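J.: Pasting the sequence and the predicted coordinates here, then a few questions.
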Amino acid sequence: MISLRSCLLVASFTLIASTAWSAEYYVAPNGDNSNSGTSPSSAWRTIAKANSAVGPGDVVYLRGGRFKDDPIRPGKSGTSSAPIRYVAYSGETPVLTSDKVGGLSDAINLTNRSYIEIDGIHIDGVERNPRARVDHFVTITNGSYNTIRNGVFRFATGWHGIRLTDSHHNKLLNNVIDVVGIYDNGSGQDWGDGIQIKKGSHHNLVEGNVVTRGAHNLLQVDGEYNVIRNNVFDNDWSELLGSGKGGRNLSLMGLYNVFENNVVRNAMASTDRAGNAGMKVEGQHNIVRRNIIFANSNEGITTQSRAGQKWAHHNRIYHNTLFGNGGPAWGLVFYNGGNGVTGNVFKNNIVFGNRAAGLANADIVFRLKDNPFGTTGQTVIENNLIARTSRSDAAVDIKNEGGTISLADAEKKFSNLFRNNIHDVPNFVSPNPRKPEDFALAPGSRGVDEGAPLTRTRNGGSGKTIALQDAGYFTDGFSLVAGDRIRIGKGDVLRIVKVDYSANTITVDKNATWESGAPVSLDFKGAGPDIGARESGAEATTEQRRVPKPPTSLTSVVY
């Protein structure tokens, strides 16, 4: 029998050996590859030298300055207990760059690599396309458990700034990603996405980033079970190209992705479109919540089914604020070649001040002719606070169903789809909201404590596993972040640790007792949930990080 003392000795030896085998390397633009590379005063000159030397547990410190045509491309992977780290030396700013147009193909390439951490390393393509000196900031193919944080990445010429392909459990944290692709290639076409999460990429986390000026998209998500939260997406190119020019912010496709607590603003006119939606919500079973979607040149959100993106069904769009967009708050579209639009839910959202550019006659627009699931697509629009400028002026446009009608008439004609909406205006804490905190509801406003439950329990019971009418509103965090905090009725706060979407059950962190048909909501403060993105009261927002803000002038960023 192996004694406890023997086990402890083995564990201690393993820890000591792991520490002893780890190394620290230093690289500086004025270093020398004939140096030892093991101290700041004997730094190597090239990252390539470090790439070939690193192993699990090693740290590479990059000194301040510009590393030209010298990408991060480690020769080995780290391990879960001993990642390989590339870190900015304390108080200094290392920048990956080039002297030649397109001279640096992939500034960071983690293809077939796992457990690599990159912290505080910047990338500078110097000029925007067609003279950008970097093709891509980051490429990860078949990579996992990598983390890239605290970087400023600007000016890439390729179709992606950052791309994840067949990759999982990677994290992009607190970066600035700016100016990717080309606004006009000379033939009226654009290209360039700030971040791409390709099909087959799953369980990745994108959090705390500021993503600006992607010529085609700022973000495109084709994968599944990814979490995108606490970011700013702003696609206004006016500072570089003149007033009103830009592009669409993002396309959320794929399956079971969570998009929460983001700011989505300033999707401006692209070279091929006079007005762009703030975001597309397509795919299947995606959750879109707690986002502030405002000042986009056309729709706030578009949900569409088309060739190449076949389905748009059973997405849950709730507790968002859509304000001051040029077109409708939400547009649903079916194109020939798609499989259909059906079963989407739009609930507990604030819809106010949209149609600002006169691009639509209604706040919610259905363009679902020939949709296999009918002209309304079995859509549920429930308990939203909706107005254009004043009480009772909200409108709905359902093509092939009589055109534009008032929201009140829509609720009469399609009572199974339009339910319990509030025909009134919100009173935000700021009369001219621009920052996330401005969009909180003032005390006494319509919408305070008026949110509807997201779903209900299927039966009575007790324990930790609860059967719901619809578990699609909730997430257990996909092993990336903590699961949702919920309440059954006005009971204690429960933390979700597992969601079974096929069985429509959730498992929570402690025992509870509930009745059949009991209301289930996200955690709230007060008598009930607030409608919109911002829940009043500190208790309800303790886990929401402050959404980052870009510099006033991005062209003033220096390294």
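T.: Received the coordinates, thanks. Numbering: from 1, shown residues only.
J.: show me where the stretch 351-500 of the chain has strands.
T.: Secondary structure of the stretch 351-500 of the chain (DSSP state E, counting those that start in this stretch): strands at 364-367, 380-382, 385-387, 395-398, 403-406, 418-419, 455-456, 461-467, 485-488, 493-500.
J.: Report the beta-bridge partner residues of the residue sitting nearest the centre point of the chain.
T.: For the chain, residue 228 is the residue whose C-alpha lies nearest the centre (C-alpha atoms, centre = their mean; 2.8 Å). Going by DSSP bridges, residue 228 is paired in beta bridges with residue 206, residue 259.
J.: quick one on the thing from earlier: of all the strands of the stretch 351-500 of the chain, which one is nearest residue 39?
T.: Closest to residue 39 of these is strand 493-500 (C-beta to C-beta; 46.3 Å). Any C-beta I mention is one placed from the backbone N, CA and C, and that applies to glycine too.
J.: Report the mean per-residue pLDDT for that closest one.
T.: Computed over strand 493-500, the mean pLDDT rounds to 98.
J.: hang on, the earlier thing: enumerate every residue touching the residue nearest to the centre of the chain.
T.: With contact taken as C-beta atoms under 8 Å, 6 or more residues apart in numbering, residue 228 is in contact with 206, 207, 219, 221, 252, 257, 258, 259, 260, 262.
J.: Read off the pLDDT value for the fourth one.
T.: Okay, so that is residue 221. 98.
J.: what's the closest non-adjacent residue to it?
T.: Nearest residue to residue 221 in three dimensions, chain neighbours excluded: residue 197, at 4.7 Å (C-beta to C-beta, 6 or more residues apart in numbering).
J.: Distance of that neighbour relative to residue 228?
T.: 8 Å (C-beta to C-beta, to the nearest Å).
J.: Now the common contact residues for these two.
T.: The contact lists of residue 197 and residue 228 share 206, 219, 221, where a contact means C-beta under 8 Å, 6+ apart.
J.: Output the longest strand belonging to this protein.
T.: strand 505-514 (DSSP state E).
J.: Which is the succeeding secondary structure element to it?
T.: strand 519-522 (DSSP states H and E).
J.: Identify all contacting residues around that following strand.
T.: Contact with strand 519-522 is made by 319, 451, 453-457, 466, 468, 484-489, 528-529, 535, as judged by C-beta under 8 Å, 6+ apart.
J.: do stretch 184-194 as well
T.: By C-beta under 8 Å, 6+ apart, the list of residues contacting stretch 184-194 reads 129, 156-162, 177-178, 180-183, 211-220, 247, 270-272.
J.: Which residue comes closest to residue 525 once chain neighbours are left out?
T.: Among residues not flanking residue 525 along the chain, residue 537 sits closest, at 2.9 Å (C-beta to C-beta, 6+ apart).
J.: quick one, what contacts that neighbour?
T.: Residue 537 neighbours (C-beta under 8 Å, 6+ apart): 524, 525, 526.
J.: Now a PyMOL select for only the buried ones of these.
T.: Selection of the buried residues among the contacts of residue 537 in PyMOL, burial being defined by 16 or more other C-beta atoms under 10 Å:
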select buried, resi 524
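J.: quick one: contacts for residue 289?
T.: For residue 289, counting by C-beta under 8 Å, 6+ apart, the contacting residues are 258, 259, 260, 261, 316, 317, 318, 319, 320, 533.
J.: Can you read off the pLDDT for it?
T.: On the pLDDT scale, residue 289 gets 98.
J.: That one bridge partners, please.
T.: Per DSSP bridges, residues listed as beta-bridge partners of residue 289: residue 260, residue 318.
J.: The lowest-mean-pLDDT helix or strand in the chain: what's the following helix or strand?
T.: Within the chain, no helix or strand scores below helix 4-21, which has a mean of 45 by mean pLDDT, DSSP states H and E. Per DSSP H and E, helix 4-21 leads on to strand 24-27 as the next helix or strand towards the C-terminus.
J.: Need the contact partners of that following strand.
T.: By C-beta under 8 Å, 6+ apart, strand 24-27 touches 37-40, 42-47, 49-50, 53-54, 58-63, 67, 89.
J.: re the thing from before, can you put the strands of the stretch 351-500 of the chain in a markdown table and add distance to residue 192?
T.: Below are those laid out as a markdown table (distance: least, C-beta to C-beta, whole Å):
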| stretch | distance to residue 192 |
| --- | --- |
| strand 364-367 | 28 |
| strand 380-382 | 34 |
| strand 385-387 | 35 |
| strand 395-398 | 33 |
| strand 403-406 | 36 |
| strand 418-419 | 39 |
| strand 455-456 | 39 |
| strand 461-467 | 45 |
| strand 485-488 | 38 |
| strand 493-500 | 35 |
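J.: To residue 475, which of those lies closest?
T.: strand 493-500 (6.2 Å).
J.: Output the contacting helices and strands for the closest one.
T.: The contact analysis (3 or more C-beta pairs under 8 Å, 6 or more residues apart in numbering; DSSP states H and E) places strand 493-500 against strand 485-488, strand 505-514.
J.: Show me where the chain dips below the pLDDT cut-off.
T.: Under the criterion pLDDT under 70, the flagged ranges of the chain are 1-20, 538-559.
J.: run the last query once more with 80
T.: Counting by pLDDT under 80, the chain shows low-confidence ranges at 1-21, 185-186, 188-189, 537-559.
J.: Report the residue ranges of every domain in it.
T.: Per the record, the chain has its domains at 277-425, 455-529, by automatic domain parsing.
J.: Most tightly packed of the ones you listed?
T.: With neighbours defined as mean count of other C-beta atoms under 10 Å, the domains of the chain peak in mean count at domain 277-425, which reaches a mean of 22.
J.: distance between the ends of it?
T.: 23 Å (C-alpha to C-alpha, to the nearest Å).
J.: that older thread, could you redo the domains of the chain as TSV and give each row distance to residue 201?
T.: Shown next, in TSV, are these (distance: least, C-beta to C-beta, whole Å):
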stretch	distance to residue 201
domain 277-425	13
domain 455-529	13
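J.: Nearest to residue 234, out of those domains?
T.: domain 277-425 (9.2 Å).
J.: measure stretch 322-341 end to end?
T.: Stretch 322-341 end-to-end distance (C-alpha to C-alpha) = 21 Å.
J.: now it, how far from the centre of its chain.
T.: In this view, stretch 322-341 has its centroid 19 Å away from the chain centroid, taken as C-alpha atoms, centre = their mean, to the nearest Å.
J.: quick revisit: so can I have CSV of the shared contacts of residue 197 and residue 228 showing distance to residue 423 and neighbour count?
T.: CSV is the format used below for these (distance: C-beta to C-beta, whole Å; neighbours: other C-beta atoms under 10 Å):
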residue, distance to residue 423, neighbour count
206, 36, 26
219, 34, 28
221, 34, 29
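J.: which of those residues lies closest to residue 477?
T.: Nearest member of these to residue 477, counting by C-beta to C-beta, is residue 206, at 14.1 Å.
J.: chain center to stretch 369-383: distance?
T.: The chain centre lies 26 Å from the centre of stretch 369-383; the measure is C-alpha atoms, centre = their mean.
J.: Provide the contact partners of it at residue level.
T.: Applying C-beta under 8 Å, 6+ apart, the contact partners of stretch 369-383 are 305, 332, 334, 336, 339-348, 364, 366, 368, 398-401, 414, 417-422, 450-452, 531.
J.: go again using 7 Å as the cut-off
T.: 332, 334, 336, 340-348, 364, 366, 368, 398-401, 414, 417-421, 451-452 (C-beta atoms under 7 Å, 6 or more residues apart in numbering).
J.: Residue 355: which of the strands of the stretch 351-500 of the chain is closest?
T.: The nearest among the strands of the stretch 351-500 of the chain, by C-beta to C-beta, is strand 395-398 at 8.6 Å.
J.: Listing partners with orientation, what would you give for the closest one?
T.: If you go by DSSP bridges, strand 395-398 pairs up with strand 364-367 (parallel), strand 403-406 (antiparallel).
J.: Pipe those strands into CSV and attach distance to residue 433 per row.
T.: Output for these, formatted as CSV (distance: least, C-beta to C-beta, whole Å):
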stretch, distance to residue 433
strand 364-367, 21
strand 403-406, 26
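J.: Looking at the ones you listed, spot the one closest to residue 145.
T.: Using C-beta to C-beta, the strands paired with strand 395-398 put strand 364-367 closest to residue 145, at 41.5 Å.
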